[in-house]
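S.K.: need a structure here:
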Amino acid sequence: MFRTLVGGYMQRQLRKGVPPLFNILKHLFQDKNKFEIIEDLLLCYYKSLEDTRKFTAESDMEELPTSYLHVMIFLAQLYDYQRDTTQALFYIDRAIQHTPTYIDPYMVKSKIYKHAGNMKEAVFWIDEARTLDLADRYLNSKCAKYMLRAGMLEKAEETCAFFTREGQPAVENLNEMQCMWFLTESARTYYKNKDWSKTLQKCHEVEKHFVDIVEDQFDFHPYSMRKMTLRAYIGLLRLEDSIRGHVFYNKAADIAIRSYLHLHDKPLTDVNGHGNGETDELSEKEKKKLESKKKRAAKKKQNQDTTEKKEKKGAEGEAAPIVISGEELIKTESPLEEATKFLEHLRTLSPQYSNTHTLAFEVYYRQGKLLLMIQSIVRAIKTSPFSAEILLHLTQLVQYVKSAEVSNNIVDEIVQSEMAKLVPEKGIKAWLAEQELAHGASLKHFAMLRCADAHLDPETTADQLSAVLDFDISSSDVESCEYVLEQLESGRLSADPAQITAFTAKSHTLFPLATAFLPPQVEENVPR
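M.R.: Prediction:
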């Protein structure tokens, strides 16, 4: 019955060339039997259309060439869903050869390479699609977004410039138009490049846009009362209450908090913290002299900026726009307090996202706020009970509770009560063993379990690292391997460069297209 119904539906949609057909049927793929039926039908359609130009041998009507084209596109999307990159590329290449002027196959091929971990090749194909229709704003924006994710900042700005105001730099115009997707993607790129000043600058620009959105609505209040559009007015008030719950703010706040956490863990004055290291070879007296010199230069610059603002205000009759300086943002002496400003909005307005509570624990763990740490773990388990980070965070919490001295009896009672709910009577090791039985086949969970064990017993760190490096990744996906590589590079399990290189080479064997695993000396060479 299902085969007959879905077959008839797909034939009608493929004949019309309905673009979102794959997304319409995607929810059915969770059922393995239904997925196999759809795959078998599409392969039958592919062979029959190639041989007889009919969907089935029993059909009396010949199909247009576009039906064959859309079957190949659907098959490419189907195999991309399975992460079978070879088969997906085979069918999408056939579709491009069939109709080189059709945009959709180029977009699908770009997405295939994105899922394979090769953003540079994805940029090439989405740019090919863009050049087929230079007047399409969606394609232009999509291409710019892919370029930003590939680290091509200048090319992304040039691409966006086709649709921005002439005579003004594209970045300035996009910022003026509150184009927040561009800012969040730029912040992500700078974060990957460890350019903390520009990362924080972009994140604070997003924050400023949300402040401006709220302030711009003040003009609407007297209008609503005068015109009595109370329904719109109430909607506006509700919007202002939850405006920072928007996904754009969540993304920017996530990146900002992680950047501030890095600045707290590895201050820029420390050469190991990716600072400039200019004071490492100086004596204490020379360091103080250099610091004094920097303070005088900063004060002089501040006075100059103040004078320029006053002159501009006097000349134009209005205040100059506030310029956010990333260099000033990274000089903060209290990065955790700055991170908390973003975090409070996430905890209040975005409690449904798991990253909110993961970041909350990271911040409160460093601040030593025990009750808030417990609250973050409880909320994280409710939001995303199978998250890999919970394994390490709960272990850190248990160890912190053991060493913490709680003087307040009420607080101590709350802590003991909540910890009894979180950790079984057998202890944290027994809980970790249960989690390994349940989720140990996942690379991400296995790596976090090893980090948790190393946190419990630091002397076993080398053994835990060896276990991660020896893990069979044949059934893992590219995202999991990239996640573990990021953890190793950040200092988890104290991996040395040779061990990180060994894991990278192992991942490269499984995912040869992924740029994250390419050896530094190997130039990317993907056949087209």
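
S.K.: Ile213: what's its closest spatial neighbour, skipping adjacent residues?
M.R.: Ile243 (6.2 Å; Cβ to Cβ, 6 or more residues apart in numbering). Quick note: C-beta positions are derived from backbone N, CA and C, even for glycine.

S.K.: Need the three-state assignment for that neighbour.
M.R.: helix (DSSP: H, G, I helix; E, B strand; the rest coil).

S.K.: how about it, what does it touch?
M.R.: Neighbouring residues of Ile243 by Cβ atoms under 8 Å, 6 or more residues apart in numbering: 210, 213-214, 249.

S.K.: Tell me the first helix or strand C-terminal of the helix-or-strand element of the chain with minimal mean pLDDT.
M.R.: Lowest on mean pLDDT, DSSP states H and E among the helices and strands of the chain sits helix 284-316, with a mean of 55. Later in the chain than helix 284-316, the nearest helix or strand by DSSP states H and E is helix 326-329.

S.K.: Could you list the residues in contact with that next one?
M.R.: Helix 326-329 has contacts (Cβ under 8 Å, 6+ apart) with 196-201, 204, 338.

S.K.: want to try CSV for these, with secondary structure, neighbour count and distance to Arg379 as columns?
M.R.: Formatted as CSV, the contacts of helix 326-329 follow (DSSP: H, G, I helix; E, B strand; the rest coil; neighbours: other Cβ atoms under 10 Å; distance: Cβ to Cβ, whole Å):
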residue, secondary structure, neighbour count, distance to Arg379
Trp196, helix, 24, 28
Ser197, helix, 17, 32
Lys198, helix, 19, 32
Thr199, helix, 27, 26
Leu200, helix, 28, 26
Gln201, helix, 22, 30
His204, helix, 20, 26
Glu338, helix, 20, 22
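
S.K.: quick one: which of the residues you listed is nearest Cys44?
M.R.: Nearest to Cys44 out of those is Thr199 (Cβ to Cβ; 51.0 Å).

S.K.: OK, contacts around the residue nearest to the closest one when sequence neighbours are not counted?
M.R.: Among residues not flanking Thr199 along the chain, Tyr190 sits closest, at 4.1 Å (Cβ to Cβ, 6+ apart). Neighbour list for Tyr190: 196, 198-199, 202 [criterion: Cβ under 8 Å, 6+ apart].

S.K.: Any chance of CSV for these, columns distance to Pro497 and pLDDT?
M.R.: As requested, the contacts of Tyr190 are exported to CSV (distance: Cβ to Cβ, whole Å; pLDDT from 0 to 100):
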residue, distance to Pro497, pLDDT
Trp196, 22, 94
Lys198, 27, 94
Thr199, 25, 95
Lys202, 30, 95
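
S.K.: Of the residues you listed, which is the nearest to Val378?
M.R.: Val378 lies nearest to Thr199 out of these, by Cβ to Cβ, at 30.4 Å.

S.K.: Quick check, the closest one in contact with Ala187.
M.R.: Yes - applying Cβ atoms under 8 Å, one finds Thr199 in contact with Ala187, separated by 5.3 Å.

S.K.: Need the residues touching each of the two.
M.R.: 255-256.

S.K.: Ignoring the adjacent residues along the chain, who's closest to Phe35?
M.R.: Phe29 (4.6 Å).

S.K.: Roughly how far does the one you found sit from Met72?
M.R.: Phe29 sits at a distance of 18 Å from Met72 (criterion: Cβ to Cβ, to the nearest Å).

S.K.: again, but for Leu183
M.R.: For Leu183, the distance to Met72 (Cβ to Cβ) stands at 38 Å.

S.K.: what are the ranges of the helices in the stretch 351-500 of the chain?
M.R.: Taking DSSP state H, counting those that start in this stretch, the helices of the stretch 351-500 of the chain run over residues 354-367, 370-383, 388-403, 409-422, 428-439, 443-456, 461-469, 478-489, 497-510.

S.K.: how about those helices in a markdown table, adding distance to His345, mean pLDDT and mean neighbour count?
M.R.: Below are the helices of the stretch 351-500 of the chain laid out as a markdown table (distance: least, Cβ to Cβ, whole Å; pLDDT from 0 to 100; neighbours: other Cβ atoms under 10 Å):
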| stretch | distance to His345 | mean pLDDT | mean neighbour count |
| --- | --- | --- | --- |
| helix 354-367 | 10 | 95 | 22 |
| helix 370-383 | 15 | 95 | 19 |
| helix 388-403 | 21 | 94 | 19 |
| helix 409-422 | 25 | 92 | 13 |
| helix 428-439 | 31 | 94 | 15 |
| helix 443-456 | 27 | 96 | 22 |
| helix 461-469 | 35 | 96 | 18 |
| helix 478-489 | 26 | 95 | 18 |
| helix 497-510 | 35 | 94 | 15 |
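
S.K.: so which of those helices comes closest to Ala95?
M.R.: helix 478-489 (23.5 Å).

S.K.: now the helices for the stretch 51-200 of the chain?
M.R.: Ranges of helices in the stretch 51-200 of the chain, per DSSP H, counting those that start in this stretch, are 65-81, 85-98, 103-115, 119-132, 137-149, 153-160, 170-176, 180-192, 196-216.

S.K.: Please produce a markdown table containing those, extended by distance to Ser259.
M.R.: Below are the helices of the stretch 51-200 of the chain laid out as a markdown table (distance: least, Cβ to Cβ, whole Å):
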| stretch | distance to Ser259 |
| --- | --- |
| helix 65-81 | 33 |
| helix 85-98 | 33 |
| helix 103-115 | 25 |
| helix 119-132 | 21 |
| helix 137-149 | 17 |
| helix 153-160 | 17 |
| helix 170-176 | 19 |
| helix 180-192 | 6 |
| helix 196-216 | 5 |
